[in-house]
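Here is my input, please return the structure:
(chains A and B)
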Amino acid sequence: MKTKKTVSENGNYHAPVQGKTFIKNSIKEIVFYRGYQTVSWILIIAFLAVVLGMTVSVILNAFGEEWYGTFLPQGFTLEWFINAWNAYEVGEYFKITMQIVFIATVISLILSIPSVYILARRNFPFKQALISFFQLPFTLPDLLYAIPVASIFYSIGLAETMTGLIIVNLIVGVPFSVFILLPYMESIDPRLEYAAESLGATKFQLFRRIIIPQIVPGITASAINIFIRMFNTFTIILLISGPKTQTLNVMVFSVLQGSGSQPPAMLNSLALTLMIPLLFFSFISLWVSSYTQRRLGK
Amino acid sequence: MNRVVFARKRDYLFFLPSLVPLLLLFVYPLLKGLVMTFQETGSSGLTLHNYIEFFTNPRYYDTIFRTLYLVIPATIIELIIAFGITYFIRGKMRGKGIIAGLTIFPLTLGSIIIDMGIISFFKPTGWFNTVLINIGLIDEPFKLVYNYWGTFLALIILGVAFMASNFVGIMDYIDPNLEQAARSLGASRWITFKRVYFPLIRSNVLTVFALNLIMQIGVYSSAVIVGNPASETRTFVVVAFEEAMRNFNYNMANTVAIVMGITQIVILGIVFAIRKRGYIGSASTFK
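Numbering: from 1, shown residues only, chains lettered A, B, ... in the order given. Next up is the predicted model:
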């Protein structure tokens, strides 16, 4: 999630500008400003109309009966959606995807928490360089490492297997979870740990009883974000997936790619099967981030 | 009180679980990939054959121009739209949350759904053309899908969403007092923007622009689904995937990927050179 800050204590800077108090607007400037406002509103409305229109028309296409040239489809039916669900075994791929993504998320979190702890608490030479190194995999174009990974995986027999797909997802998950967890870990008060240590807690007890409970909001936020990111991972999965071990979006993509003869309603239904879980996860993510912000604000 | 503890030797062990997968899955393939481009399939001798093939065969080197011809105009238009929208809704304004949220919304959907949306919305019988014909602006529907424009539109939707998501954060960090001070000293809105606001935001905007540009150079699914991957939208990634998945020539595929990476670095260099020339300092120093 991007940091969204409030506009500061002086957010009301429009008021004196538009008001009568101390700034004189020349006629020319008022005309100019009205023009600017109009153009901005047209821009905003046009862009949002396209975004909403696209989303709604995918949904209407998927659930509409006949739709040629009229503004709305003739009638609505669930037939296409059910057809697409059955013909492409969406349920099966959905299950595979959820398994892969869930296992990979858990492994990524377990692997990254110790490193995050050290990064937050200890100081050492080249620390900043190490943090930047953790950010490299999701700033570099993924094609650069995806192709060699695919050729390595094919030569050692990990390609087209569930294990291979889970392992490959770690390259998405580990760096990203370090990136998201680090600020949460840094915000935990180290005095609590000193207190626990002075009362005789062992390292393991310290971790389990002090650190983990405090970082639960961070873990939740990062788990959901990694989950969405892995659900969207595309390039590298496409390269190493087999016909039966695919994630949902790679399957949808392969169908759309060679889709000359399919009716559009079927393809839109297929796209919708991808859209529903994504919207669901983003909704959860928004809810969790607002919940944790409210909790932390207290 | 933040007592910073210096790391002991034992502490470095905690990095192993996260660094080992990164080294195996990221650093090693990256290096191996670089070596692969200097080899031919099946042999291990070093040769420049792949690069010579790339830069002499128009099937390959054309992709550089095709990609840039698609992506550079698209990102410039995205910059204008995203900046226009976010600049207008900066500060406190009613409906800001909804406008920003809907602008960023396409990012959550991802590329494949956007592509389907472009097809349903801009196809000859889609809403876009139906509305324009019914208003009477055009007689024949525009051909906007399965060609250059289809990919172009998909890039614009996603690019605007990405840039806007960053701009909203950046603009929130600029102290509104600065603008107010300029206005109260008699500067017009345009002068305030040109002399106060823009210099402060310029470097961050260019960074986001560069990030977006290198991200969009890697366009693939939009080029294949809404574009015409055989000719007009034959981008780097389309060619790389063709080599890897149809011809199983990973060496050539990776050569394409490396050339793409170099193109991205060159463009990044150009944008950052422009950025450096007018850098005046951080925008949030006064806070």
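
can you map out the helices along the stretch 151-298 of chain A?
A:162-186, A:190-198, A:203-205, A:212-232, A:235-240, A:248-257, A:264-297 (DSSP state H, counting those that start in this stretch).

Redo these as TSV? Include mean neighbour count, distance to chain B and mean pLDDT.
Just so you know, the C-beta spots here come from the backbone N, C-alpha and C atoms, and that holds for glycine as well. Below are those laid out as TSV (neighbours: other Cβ atoms under 10 Å in any protein chain shown; distance: least, Cβ to the nearest Cβ, whole Å; pLDDT from 0 to 100):
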stretch	mean neighbour count	distance to chain B	mean pLDDT
helix A:162-186	22	4	91
helix A:190-198	13	7	87
helix A:203-205	10	10	84
helix A:212-232	19	5	86
helix A:235-240	23	6	89
helix A:248-257	21	5	87
helix A:264-297	17	4	81
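
Take those helices and lay them out in TSV including distance to B:N228.
Listed next are the helices of the stretch 151-298 of chain A as TSV, based on distance: least, Cβ to Cβ, whole Å:
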stretch	distance to B:N228
helix A:162-186	30
helix A:190-198	58
helix A:203-205	60
helix A:212-232	25
helix A:235-240	20
helix A:248-257	13
helix A:264-297	18
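
and of these, who's closest to B:A74?
Checking the helices of the stretch 151-298 of chain A against B:A74 by Cβ to Cβ gives helix A:235-240 as the closest, at 19.9 Å.

Now the closest residue to chain A within the stretch 1-150 of chain B: closest residue in space that isn't a chain neighbour?
Closest residue of the stretch 1-150 of chain B to chain A, Cβ to the nearest Cβ: B:G117 (3.1 Å). Leaving aside its chain neighbours, B:G117 sits nearest to A:M54 (3.1 Å; criterion: Cβ to Cβ, 6 or more residues apart in numbering or on different chains).

In terms of residue numbering, what are the domains of chain A?
Following automatic domain parsing, one finds the domains of chain A at A:14-77, A:82-297.

ugh, wrong one, chain B
B:15-47, B:53-277.

residue ranges of the helices in the stretch 151-287 of chain B, please?
B:176-184, B:189-192, B:198-217, B:221-225, B:236-241, B:250-277.

Show me which residues of the third one are buried.
Of the residues in helix B:198-217, those scored as buried under the neighbour-count criterion (16 or more other Cβ atoms under 10 Å in any protein chain shown) are B:200-217.

do the same with the longest one
Applying a neighbour-count criterion of 16+ other Cβ under 10 Å, the buried positions in helix B:250-277 are B:250-261, B:263-264, B:267, B:271, B:275.

Stretch B:151-166 vs chain A: in contact?
Yes. Using Cβ under 8 Å from any Cβ of the partner chain, we find that stretch B:151-166 touches chain A at B:I157, B:V160, B:S165, B:N166.

Taking those residues, tell me the two that lie furthest apart.
Farthest apart among the residues of stretch B:151-166 next to chain A by Cβ to Cβ are B:I157 and B:N166. That separation is 15.9 Å.

who has more neighbours, those two?
With neighbours defined as other Cβ atoms under 10 Å in any protein chain shown, B:I157 and B:N166 compare such that B:I157 has more, 27 against 20.

Tell me if I'm right that A:F47 and B:T103 touch.
Yes. Here A:F47 reaches B:T103: they are 6.6 Å apart, a contact under Cβ atoms under 8 Å.

Can you work out which residues contact both of these two?
Counting by Cβ atoms under 8 Å, 6 or more residues apart in numbering or on different chains, the contacts common to A:F47 and B:T103 are B:I85, B:V160.

Looking at the two, which one has more neighbours?
The neighbour comparison of A:F47 against B:T103 (other Cβ under 10 Å) goes to B:T103, with 26 against 23.

That one contacts A:V50, doesn't it?
No. Between B:T103 and A:V50 there is no contact under Cβ under 8 Å: 10.8 Å.

Helix or strand: which one has the residue of the stretch 1-150 of chain A found nearest chain B?
Going by Cβ to the nearest Cβ, chain B is nearest to A:M54 of the stretch 1-150 of chain A, at 3.1 Å. Here A:M54 sits within helix A:27-63, counting by DSSP states H and E.

Since that was my last question, I'll sign off now.
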